[in-house]
Every structure is written in C-alpha cells, then in structure tokens.
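Asks: only geometry, no sequence info:
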C-alpha cells in the first residue's frame with residue numbers, strides 16, 4: 001500500500017484523487033445514465049434469432065416487470081442531464097420493452113394488430129393506445145409540461161425518436177412485434193455503442209432477403225414498406241436505394257454500381273404476424 005510521507009505529498013495526492021474522481025464522474029454521467037441490466041436479462045433469455053419466446057416469457061415476466069418499474073421510476077430532473085445518445089438508447093429500449101409488455105398483456109395472439117378490434121386499427125390502435133406511464137420523461141425530452149399521464153408507442157416513435165433525434169436508423173431498431181419488423185437484438189442499446197449498434201442493425205435489416213432483396217433480371221430493388229412509410233426520413237440519405245448501397249450485401253451493391261441504369265424500387269408485402277419463436 002502506498003504511504004504518504006509528507007504534508008506536501010498529502011496535498012498532491014488529495015488533489016490528484018479529486019481530479020480523478022471528477023473525471024470518472026464526468027465519464028459515467030456521459031455513458032452510464034441508466035442501467036438496462038434487467039432488459040438485458042429479458043433479451044438474453046427470451047430472444048432467439050430476433051424472435052421472442054412469448055409463451056415462456058409470459059410464465060417468467062419478473063425481469064421485464066422490474067425493468068419497466070425502473071423506467072417508470074426515472075426522475076425528470078435526472079433524465080434532463082443525460083446525453084443525447086443515452087436518451088435515444090433509452091427510448092428505443094423503452095419502445096421495444098413496452099411492445100413486448102403489450103403482447104404479453106394480450107397473449108396468446110397471432111399478431112399485434114389482432115390485439116384490438118378492426119375498427120380501432122383505422123384509428124391507429126394499438127400503437128396509439130396510451131398505456132405507457134412515461135409522460136414525465138416525454139415532457140423532459142420535449143421541454144413541455146406533461147399533458148397526460150400516459151403516452152403511446154406512436155408518441156415514442158413519431159413525437160420523440162423521429163421528431164427529436166432525426167435519426168433514420170431508428171427504423172431498423174424499434175420492433176413492432178411483427179415478422180417484417182427488424183429483428184429484436186439480444187442485448188439493449190447503450191449510449192456508448194449506439195452509433196455502431198444502429199449501423200449493425202441497418203446492415204442486418206438491409207441484408208435480410210426476407211425484407212429487402214435485389215432482382216438483377218429486372219434491375220429492381222424490392223424493399224420493406226418501412227422505406228415507403230417513412231420516405232421523408234430516408235430521403236436525405238438517398239432514400240431506399242441510398243441506404244441499400246450503404247448497408248446492403250456487397251455483391252448487390254457492386255451489381256447496382258455496374259448497372260447501366262438506376263434500379264427501380266418496389267415495396268414488398270409487410271407481414272404483421274407475431275415475431276414469436
């Protein structure tokens with residue numbers, strides 16, 4: 001153990017330790033704003049190749065319940081000090097976790113749309129249902145007062161993630177419990193690794209032939225309807241074709257570059273059936 005041999009050494013040691021502690025506090029406040037460990041437990045135990053074992057999770061919901069309770073206990077003042085990436089990671093994780101909660105509350109079901117009557121789907125349900133008690137955090141994100149006690153999945157997607165972050169790659173991260181959605185990662189999003197995680201998601205999604213593929217015989221790109229629904233988000237990056245050139249399979253990217261004419265873009269069918277195991 002180090003021995004401090006003089007008053008001067010003691011002062012230097014104290015100043016050094018204070019500076020190191022301050023630096024550590026700054027670092028942790030920028031990278032460790034929230035502990036997603038309970039969500040990590042859910043994902044590691046109940047996801048299989050991007051799908052959820054809802055049947056087993058319904059029997060063992062404790063980790064998910066604890067995670068949602070922790071989200072709901074976040075203080076608005078604390079949230080207001082977090083970094084941009086920490087907030088974005090939290091909202092993505094929250095969207096995915098509450099979507100799983102919604103499915104469990106209506107399980108068994110063939111798909112998320114089947115959890116509400118047909119006439120309510122025309123009104124945006126179930127995505128417009130206000131069942132998520134994170135209104136204070138949403139208010140902290142927007143700088144407004146909380147107008148209602150609960151928010152919806154649509155509010156997280158459109159009013160927070162799309163409006164406040166302007167990050168098109170979130171569409172490859174939020175998972176609406178359907179087979180044509182992006183696959184659910186087996187680990188949470190984090191502030192420290194968010195950019196790499198979103199890039200990885202984009203590659204996985206664009207290279208999944210069940211969702212996006214190139215037809216060389218007709219020089220056409222058949223992509224997910226996500227690109228049509230949110231075309232304004234993808235337009236600055238070149239639209240579906242631009243994102244495919246950036247994240248698609250290398251062989252297809254080369255074929256697109258070698259083509260004498262731009263590929264046409266078509267949109268495939270969207271499978272709303274449950275992303276269950």
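Replies: Received, thanks. Everything numeric here is computed off the predicted structure, so don't read it as measured data. Residues are numbered from 1 along each chain as shown.

Asks: quick one: low-confidence ranges for the stretch 51-200 of the chain?
Replies: Residue ranges of the stretch 51-200 of the chain with pLDDT under 70: none are present.

Asks: All the strands of it, in order from the start?
Replies: 51-52 (DSSP state E, counting those that start in this stretch).

Asks: Give me the phi and psi angles of residue 182.
Replies: Dihedral angles of residue 182 (phi, psi; degrees, to the nearest 10) stand at phi -60, psi 160.

Asks: for it, what are its contacts?
Replies: 50, 171-175, 201, 204-205 (CB atoms under 8 Å, 6 or more residues apart in numbering). All C-beta atoms are positioned from the backbone trio N, CA, C, and that covers glycine.

Asks: Repeat the analysis, applying 7 Å as the threshold.
Replies: Applying CB atoms under 7 Å, 6 or more residues apart in numbering, we find residue 182 in contact with 172-173, 175, 201, 205.

Asks: got those residues as TSV, with neighbour count and distance to residue 271 columns?
Replies: Conversion of the contacts of residue 182 to TSV gives the following (neighbours: other CB atoms under 10 Å; distance: CB to CB, whole Å):
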residue	neighbour count	distance to residue 271
172	25	16
173	27	19
175	19	13
201	22	19
205	23	14
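
Asks: can you tell me which of those residues are in helices?
Replies: 201, 205 (DSSP state H).

Asks: Among the contacts of residue 182, pick out the one closest to residue 128, please.
Replies: Nearest to residue 128 out of the contacts of residue 182 is residue 175 (CB to CB; 17.7 Å).

Asks: returning to what we had before: of the contacts of residue 182, closest to residue 247?
Replies: Nearest member of the contacts of residue 182 to residue 247, counting by CB to CB, is residue 205, at 7.7 Å.

Asks: Help me confirm that the closest one comes into contact with residue 211.
Replies: Yes: in this structure, residue 205 is within contact of residue 211 by CB atoms under 7 Å, at 6.2 Å.

Asks: circling back to that earlier point, and the contacts of residue 182, which is closest to residue 83?
Replies: Closest to residue 83, out of all of the contacts of residue 182 and judged by CB to CB, is residue 173, at 17.4 Å.

Asks: Might one say that that closest one is in contact with residue 91?
Replies: No: counting by CB under 7 Å, residue 91 is not a contact partner of residue 173; they are 9.9 Å apart.
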